[in-house]
Each structure stands twice: as structure tokens, then as C-alpha cells.
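Got a predicted structure plus its sequence, pasted below:
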Amino acid sequence: MNLKFDNPKHEALVNNYEAWCKKFNKKGIDNATDILVTMDALKAADTLFDVPHSFRPHPLTAEYKGYFGIDVTSKHRAIFKPNHDGDPEFRIDNYKTIKSIIIIEIFKDYHKKK
């Protein structure tokens, strides 16, 4: 799948494991590896349909309506939206037509109350 990033800082981190570790590993928990495994699963898939079910790709609601989440950890998700510009086959309800995405958040717990 084609991945783009909404935040240039996230894109800069993609190939810098040490920077991932510094930013996301907290209290001895290796979140950086979980994030990289999740990003690799998205990159390796041809479409959202091909992402392994263990990552639980799912549509979001409320403030994230039109976006999707994928499990990074039991609490944290990567959040993305389909990048369907110019794709006449795209249908938001058909995971096989989602071939390109824009990553909005790479490690977010959207379950937390503000």
C-alpha cells in the first residue's frame, strides 16, 4: 500500500529507529518496535483488505468519521484516511479498493477522555 504522512515529522521518523525509540519508548516499554511492525504491515499490504486481521483495521466514528484505525498496541492505534484522489474504483466501504493512505497519527490512544 502507498503510505503518505500528514505530519512531516512522522515521515522523517520512518527510517530512523533510534529517533522512534527516543520519542515513543517510555518506562521500559518498546513501543517503537510495535509502531514499526504496524507501519511495515501497512506497507507490505497491497490494499487495506490485505492487512493481517491481527492488526484489526476498522473504520472510526465521531471526530474521526471517514478515517480508519489499526492496532499498534492494545490501547494505541495508527489513524489514517484513504488517499483516493483520482481513483475511480475507490469505495470507503470496500477495503479492497483502499490502496493508498495518509497517516494522520502513528501512536494515539483516542479512547482517553479529554
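Sure, I can see it. Numbers count the residues shown, from 1 in each chain.

following the lengthiest helix in the chain, which helix or strand comes up?
Criterion DSSP state H: the longest helix present in the chain is helix 31-44. Following the chain from helix 31-44 toward its C-terminal end, the next helix or strand by DSSP states H and E is strand 58-59.

Each with direction, which strands does whichever helix or strand comes after that following strand pair with?
Using DSSP H and E, the helix or strand that follows strand 58-59 towards the C-terminus is strand 68-71. Strand 68-71 pairs in its sheet with strand 58-59 (antiparallel), strand 77-82 (antiparallel), by DSSP bridges.

In this protein, where's the longest strand?
Among the elements of type strand in the chain, defined by DSSP state E, the one spanning the most residues is strand 100-108.

Quick check: neighbours of that strand in the sheet, parallel or antiparallel?
strand 2-5 (parallel), strand 77-82 (antiparallel).
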